[in-house]
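Visitor: Any chance you could fold what I've pasted below:
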Amino acid sequence: MSKTESTSYTETQNDRVSEEVDLSSEIVVHTEETDETPPDKGYAWVILLAGVMNYMMPFGSINAFGVFQTYYLLTMFPNEPARHISWISTMALSCSYLCGIFASSLIARFGLRGTNLIGTLVGAGGLLLASFCTKIWQLVLTQGVIFGIGSSIIVNVSVVVPSLWFEKHIGIAIGAIISGSGLGSLVITPITTQALKALGIPWTFRILALMFLVFTGFGSIVFKPRRHFVSAKSVINLKHLKDPVALLLCFSGFFMLIGYTSILLYFPASIVALGETKQLSSNLIMVFSAFSMAGRILSGQLARRLGSIKILIVNHAVTGIVMILLWNLGKSLPAYIVAFALIGLFSVPLFTLSSVIIANHYPKKYISQVNGLVSLFMGTAAIVGIPLIGLVFDVVGKRTDFKWVKIIGAICFFITIIFFVLLRSVLLKSDPKYRLSPL
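Guide: From the prediction side, this is the model:
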């Protein structure tokens with residue numbers, strides 16, 4: 001993304017001032033402590049560290065969900081249908097996105113620190129309650145809904161804060177923060193694997209609850225805006241759906257998440273189906289996480305030079321091809337390892353670049369709302385997609401054949417390319433300056 005692309009939406013869209021005045025009843029001015037230091041310097045890097053730590057636990061735990069999925073399928077609930085078990089991960093993932101729409105109004109009411117603290121307490125509480133659960137419906141409620149709600153609040157705060165502290169390095173900052181999910185997987189996966197083996201699932205959840213409290217609690221101490229800013233007070237503003245940029249990002253996120261969850265939840269189990277051990281499948285989750293972390297950071301860095309949408313188109317095309325040729329047609333462990341590494345590297349840039357596009361295209365007061373709207377579509381995708389894929393695995397795959405899980409995931413990544421092409425066209429037409437920038 002070039003320098004011209006990073007020009008603030010509020011600076012280039014003066015014709016929308018009257019519209020923003022009409023919405024003024026939804027806005028509240030923050031009174032938190034602020035810091036008028038220049039952007040991209042000093043305290044901004046403390047904010048960046050807190051954002052990385054915030055992302056480590058919510059999505060680090062979800063990225064490591066393959067460990068739980070394998071444990072549930074093979075150990076805890078071996079006689080339960082996969083589509084029933086999948087509701088645990090469905091609600092964890094969907095609530096982690098769906099409930100992001102509430103973050104804007106919480107920030108308006110409680111500020112950045114207060115909102116982050118609410119997310120910390122709710123998320124840690126969900127994991128603690130999960131430690132006492134023995135049935136699927138109980139885990140759906142605790143590890144799924146409650147943990148997911150806390151996570152959604154945490155991550156939405158984390159993608160808003162860098163837009164207040166970074167300007168020149170906004171893409172790198174958001175990429176680094178979101179890469180925390182990959183870093184979290186590298187930490188959480190081995191801890192979860194060893195704790196399940198040595199201590200059992202109750203103490204595994206208690207350890208994760210304590211980690212969630214400590215890591216995300218840091219943001220509740222250090223987060224603050226760099227200067228006074230306004231935040232949309234309403235939970236959601238459907239007027240944003242009239243903007244084709246928001247709408248296309250929403251549909252892209254919807255299909256991408258279905259494809260991504262097919263990888264997240266079933267790749268580890270497909271390794272075991274090759275005849276390999278659960279320990280190896282857990283180790284490969286760490287490989288995936290390392291490449292995923294690199295992919296998120298690199299996409300943010302390369303966006304300014306190559307253009308966000310070009311990166312998205314190429315990466316999703318590569319992901320779909322690898323899923324078909326290596327994961328689906330490959331029948332050996334080396335082929336699976338290469339596939340998992342490449343998918344980890346190329347499948348994740350939308351998590352970073354959608355937030356970058358939103359931060360550059362919308363006024364700061366609307367960033368949380370639009371991120372929440374995109375998250376709403378992603379959460380809906382989880383509710384629709386995960387049970388559907390579980391049903392296909394149960395009925396068509398007879399709980400042993402992963403072929404159609406892989407094909408569905410690949411098709412979803414290919415579909416997103418259509419929306420990216422349309423998004424590029426819309427941005428080029430909406431602002432002449434984009435014609436001089438890589439996009």
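Visitor: low pLDDT regions in the stretch 1-150 of the chain?
Guide: Across the stretch 1-150 of the chain, the ranges flagged by pLDDT under 70 are 1-37, 63.
Visitor: quick one, what contacts residue 282?
Guide: Taking Cβ atoms under 8 Å, 6 or more residues apart in numbering, we find residue 282 in contact with 66, 67, 70, 189, 190, 192, 193, 268. For glycine as for every other residue, the C-beta is placed from the backbone atoms N, C-alpha and C.
Visitor: Next secondary structure after the helix or strand hosting it?
Guide: Assigned by DSSP states H and E, residue 282 belongs to helix 278-306. Beyond helix 278-306 in the direction of the C-terminus, DSSP H and E gives the next helix or strand as helix 308-322.
Visitor: Show me what the helix or strand just after that next one is in contact with.
Guide: Per DSSP H and E, the first helix or strand lying C-terminal to helix 308-322 is helix 333-346. Helix 333-346 is touched from outside by 182, 263, 267, 270-271, 274, 276, 284, 287-292, 294-295, 315-316, 318-319, 322-323, 326-327, 330, with contacts defined as Cβ under 8 Å, 6+ apart.
Visitor: ok, how many other residues are close to residue 400?
Guide: By other Cβ atoms under 10 Å, 7 other residues sit near residue 400.
Visitor: go on, residue 277?
Guide: The burial count for residue 277: 10, using other Cβ under 10 Å.
Visitor: Just the local confidence number for it, please.
Guide: Looking at residue 277, its pLDDT is 85.
Visitor: Next: residue 163.
Guide: 80.
Visitor: about what we covered before: right, and out of the contacts of residue 282, which lies closest to residue 52?
Guide: Nearest to residue 52 out of those is residue 189 (Cβ to Cβ; 17.1 Å).
Visitor: That closest one: what's it in contact with?
Guide: Residues 63, 64, 67, 282, 285, 286, 289 are the ones in contact with residue 189 under the rule Cβ under 8 Å, 6+ apart.
Visitor: count of residues packed around the spatially closest residue to residue 185 that is not a sequence neighbour?
Guide: Excluding its sequence neighbours, the residue lying closest to residue 185 (Cβ to Cβ, 6 or more residues apart in numbering) is residue 289, at 3.2 Å. Neighbourhood size, residue 289 [other Cβ under 10 Å]: 24.
Visitor: right, and residue 289 touches residue 182 too?
Guide: Yes. Between residue 289 and residue 182 there is a contact at 4.6 Å, judged by Cβ atoms under 8 Å.
Visitor: May I see the buried residues of stretch 310-330?
Guide: 310-313, 315-320, 322-324, 326-328, 330 (16 or more other Cβ atoms under 10 Å).
Visitor: what sits against the residue nearest the centre of the chain?
Guide: The structure's the chain has its C-alpha centroid closest to residue 351; by Cα atoms, centre = their mean the separation is 5.4 Å. By Cβ under 8 Å, 6+ apart, the contact list for residue 351 reads 178, 181, 296.
Visitor: Would you mind giving those residues as TSV with pLDDT added?
Guide: TSV is the format used below for these (pLDDT from 0 to 100):
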residue	pLDDT
178	83
181	79
296	85
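Visitor: Pick the one among those residues closest to residue 392.
Guide: residue 181 (26.2 Å).
Visitor: Which residues belonging to the helix or strand where that closest one lies are considered buried?
Guide: Using DSSP H and E, the element containing residue 181 is helix 180-198. By 16+ other Cβ under 10 Å, the buried positions in helix 180-198 come out as 180-190, 192-193, 195-196.
Visitor: Can you give me the buried ones in the helix or strand just after it?
Guide: For helix 180-198, the following helix or strand on the C-terminal side (DSSP H and E) is helix 201-222. Neighbour-count burial for helix 201-222, counted by 16+ other Cβ under 10 Å, picks out 201, 204-209, 211-213, 215-220, 222.
Visitor: follow-up on the earlier one: any idea which of the contacts of residue 189 is closest to residue 425?
Guide: residue 63 (32.7 Å).
Visitor: give the contact list for residue 196.
Guide: Counting by Cβ under 8 Å, 6+ apart, residue 196 has contacts 67, 71, 204.
Visitor: Kindly report the same for residue 238.
Guide: By Cβ under 8 Å, 6+ apart, no residues touch residue 238.
Visitor: which residues sit against stretch 412-419?
Guide: In contact with stretch 412-419 (Cβ under 8 Å, 6+ apart) are residues 248, 251-252, 255-256, 258-259, 262, 312-313, 316-317, 319-320, 323, 347, 350, 385.
Visitor: now that stretch: how far from the chain's centre is it?
Guide: 18 Å (Cα atoms, centre = their mean, to the nearest Å).
Visitor: How about stretch 190-209?
Guide: That offset, for stretch 190-209, works out to 23 Å (Cα atoms, centre = their mean).
Visitor: now swap in stretch 409-422 and tell me
Guide: On Cα atoms, centre = their mean, the centre of stretch 409-422 falls 18 Å from that of its chain.
Visitor: okay, now residue 76: neighbour count?
Guide: For residue 76, the neighbour count with other Cβ under 10 Å is 15.
Visitor: could the contacts of residue 189 go into a markdown table alongside distance to residue 145?
Guide: Converted to a markdown table, those look like this (distance: Cβ to Cβ, whole Å):
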| residue | distance to residue 145 |
| --- | --- |
| 63 | 19 |
| 64 | 19 |
| 67 | 20 |
| 282 | 26 |
| 285 | 24 |
| 286 | 27 |
| 289 | 25 |
